[in-house]
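K.L.:
Requesting a structural model of the entry that follows:
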Amino acid sequence: MERDPLLSRITLDPGIMVGQPVVRGTRLTVSFILGRLAHGSAVEELLSEYGGLTREDVQACLLWRTPS
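P.N.:
So this is what the prediction gives:
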């Protein structure tokens, strides 16, 4: 999948999770997903635990870089 459509899955809203980047339509922050992956969780594990999360959402988290 192209980079821009993937990144559109990440949103910033001051009213959601104090403005942290989150996966669109969820309250799952990019840092939470990346932290889980860094601590050894498999993508499949995350997908089974969070029903609204997709593989593309996880890819978007991996591509995310906070805007400067």
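K.L.:
switch to C-alpha atoms for all contacts and neighbour counts from now on
P.N.:
Will do.
K.L.:
All the helices of the chain, residue numbers only.
P.N.:
In the chain, the helices defined using DSSP state H lie at 3-7, 30-38, 43-49, 55-63.
K.L.:
So for Arg24, which of the ones you listed sits nearest?
P.N.:
Closest approach to Arg24 among those (C-alpha to C-alpha): helix 55-63, 8.4 Å.
K.L.:
Which neighbouring elements make contact with the closest one?
P.N.:
Secondary-structure packing of helix 55-63 (3 or more C-alpha pairs under 8 Å, 6 or more residues apart in numbering; DSSP states H and E): helix 3-7, strand 10-11, helix 30-38, helix 43-49.
K.L.:
And the contacts of the shortest one?
P.N.:
The list of residues contacting strand 10-11 from outside it, by C-alpha atoms under 8 Å, 6 or more residues apart in numbering, reads 21-24, 30, 57, 60-61, 64.
K.L.:
ditto for the first one
P.N.:
The set of residues external to helix 3-7 that reach it, using C-alpha under 8 Å, 6+ apart, is 56-57, 59-61, 63-64.
K.L.:
so Ile16 touches Leu28, yeah?
P.N.:
No. Counting by C-alpha atoms under 8 Å, Leu28 is not a contact partner of Ile16; they are 9.9 Å apart.
K.L.:
Of those two, give the one with the bigger neighbour count.
P.N.:
Leu28 (19 against 15; other C-alpha atoms under 10 Å).
K.L.:
May I see the buried residues of stretch 11-25?
P.N.:
By neighbour count on 16 or more other C-alpha atoms under 10 Å, the buried set for stretch 11-25 is 11-12, 20-24.
K.L.:
Equivalent analysis for stretch 57-68, please.
P.N.:
57-62, 64.
K.L.:
buried sites along stretch 3-10?
P.N.:
Those would be 6-7, 9-10, for stretch 3-10 by 16+ other C-alpha under 10 Å.
K.L.:
what's the lowest-pLDDT member of those residues?
P.N.:
The lowest pLDDT within these belongs to Leu6, which sits at 86.
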